[in-house]
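Q: Sharing a sequence plus its predicted fold:
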Number of protein chains: 2
Amino acid sequence: MPEDTAPADLTTMRFSRAREAQAMAVLEDYAEMIDDLARQMGEARITDIAARMGVTHPTATKAVARLKREGLAVSRPYRGVFLTELGTELAARVRMRHRVVVDLLIAVGVPAETAEIDAEGLEHHVSEATLRAFEAYLAQRG
Amino acid sequence: MPEDTAPADLTTMRFSRAREAQAMAVLEDYAEMIDDLARQMGEARITDIAARMGVTHPTATKAVARLKREGLAVSRPYRGVFLTELGTELAARVRMRHRVVVDLLIAVGVPAETAEIDAEGLEHHVSEATLRAFEAYLAQRG
DNA sequence: ACAGAAGTGTAGCCAAGGCTACACCTTGCA
DNA sequence: TGCAAGGTGTAGCCTTGGCTACACTTCTGT
């Protein structure tokens, strides 16, 4: 067995982490989207969420069901979706992280439009430690 | 309807892109892993692939089946898995991109270990344009 | 006020990527 | 050499996140 190159356990852990991050990604995206819609329109409607996410409304309904299950949102039939305090906090963290990631990409020379697009996928895999490093870099470069 | 903030179509496109990238991620990870194992041990065995990826062997078998379906790998029952030319090219691109992403993270101040962990998830969402920007940044920075 | 339009819920399908359990093939060693 | 151990295949289950089709509710405008 080749324990020669690099501890297989560490490699394994990296992949596990990436899979966990992916599981959170949908929750994060929806929470942020609902928060956006609430700010812009007073409430988040299923149809609007679906349209913005680029999915059909049953898909959005399922995602919202999961948010509710996780205690991040509440809703009543045929009424809008609202974030709980927990959900609002998550949305705030996600929004902040998104901005930092976009800013960092731009700072190292990525075109603004590309930065926005790539950040959407990237951000979910940026750990706290990396986020702090990004902030420090941006501050110092200022 | 609030078409006021930002074209909803662009937002939608960002999420679609992120979902597409995610669909490729597993293929990319397995291709690179198989390539690694082939270099280190001469061939990639299902059990070794599974162990490195941190999954059970049936999960690895399914992933390999998908690689074969996509023309990226070949295998015969009870024998190792081998990448096709296409698969090898993919693995090379993935490896190169991984290295660039890790280097960039380190360059902006992310601790090396953290950079390795985060890169595993991040890399799949780094577009060609962003990758070129990263390379340019690293080259210029020396 | 009520009918049609628009929005929402729900059922049921699919593929992917996890898992466990179990069957089968290969290999190595006593 | 033959059998136990270990590697591999396969069946079947779960969840997630897509979808379409269809039923039902709400809203709107004449």
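A: Okay, I see it. Residues are numbered from 1 along each chain as shown, chains lettered A, B, ... in the order given.
Q: C-alpha from now on. contacts and neighbour counts both.
A: Noted.
Q: Please report the number of neighbouring residues for A:Gly80.
A: For A:Gly80, the neighbour count with other CA atoms under 10 Å in any protein chain shown is 16.
Q: tell me the phi and psi of the nearest residue to it once chain neighbours are set aside?
A: Counting by CA to CA, 6 or more residues apart in numbering or on different chains, the nearest residue to A:Gly80 once its immediate chain neighbours are dropped is A:Arg45, at 4.8 Å. Main-chain torsions, A:Arg45, degrees, to the nearest 10: phi -100, psi 150.
Q: Okay, and the residue nearest in space to the middle of chain A sits in which element?
A: For chain A, the residue nearest the mean C-alpha position is A:Glu28 (3.8 Å; CA atoms, centre = their mean). Here A:Glu28 sits within helix A:8-41, counting by DSSP states H and E.
Q: got the angle for the helix-or-strand element of chain A with minimal mean pLDDT vs helix B:8-41?
A: Among the helices and strands of chain A, helix A:8-41 carries the lowest confidence by mean pLDDT, DSSP states H and E, at a mean of 94. Interaxial angle, helix A:8-41 versus helix B:8-41 (axes from the mean of the first three to the mean of the last three CA atoms, to 10 degrees): 180 degrees.
Q: next helix or strand past helix A:8-41?
A: helix A:46-53.
Q: what sits up against that next one?
A: The contact list for helix A:46-53 (CA atoms under 8 Å, 6 or more residues apart in numbering or on different chains) reads A:30, A:33-34, A:37, A:56-57, A:59-61, A:80-81, B:8-9, B:11-12, B:15-16.
Q: Okay, domains of chain A per the record?
A: A:8-84, A:88-141 (automatic domain parsing).
Q: Reformat those as CSV; add distance to B:Ala129.
A: Shown next, in CSV, are the domains of chain A (distance: least, CA to CA, whole Å):
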stretch, distance to B:Ala129
domain A:8-84, 23
domain A:88-141, 7
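Q: between those, which one is nearest to B:Leu105?
A: Judged by CA to CA, the one of those that comes nearest to B:Leu105 is domain A:88-141, at 8.0 Å.
Q: I'd like to know which residues of chain A are adjacent to DNA strand D.
A: A:23-27, A:54-60, A:62-63, A:66, A:77-78 (CA under 7 Å from any atom of the strand).
Q: just those residues that are near DNA strand C?
A: Among the residues of chain A next to DNA strand D, DNA strand C is touched by A:His57, A:Pro58, A:Pro77, A:Tyr78 when using CA under 7 Å from any atom of the strand.
Q: buried set for the host helix or strand of A:Met96?
A: Using DSSP H and E, A:Met96 maps to helix A:85-107. Within helix A:85-107, the residues scored as buried using 16 or more other CA atoms under 10 Å in any protein chain shown are A:87-92, A:94-95, A:97-98, A:100-107.
Q: A:Glu120 reaches B:Ala18, doesn't it?
A: Yes: with contact defined as CA atoms under 8 Å, A:Glu120 counts as touching B:Ala18 (6.4 Å).
Q: Between the two, tell me which one has more neighbours.
A: A:Glu120 (22 against 19).
Q: quick one, what contacts the more buried one?
A: A:His98, B:Arg14, B:Phe15, B:Ala18.
Q: Many thanks, I have nothing further to ask.
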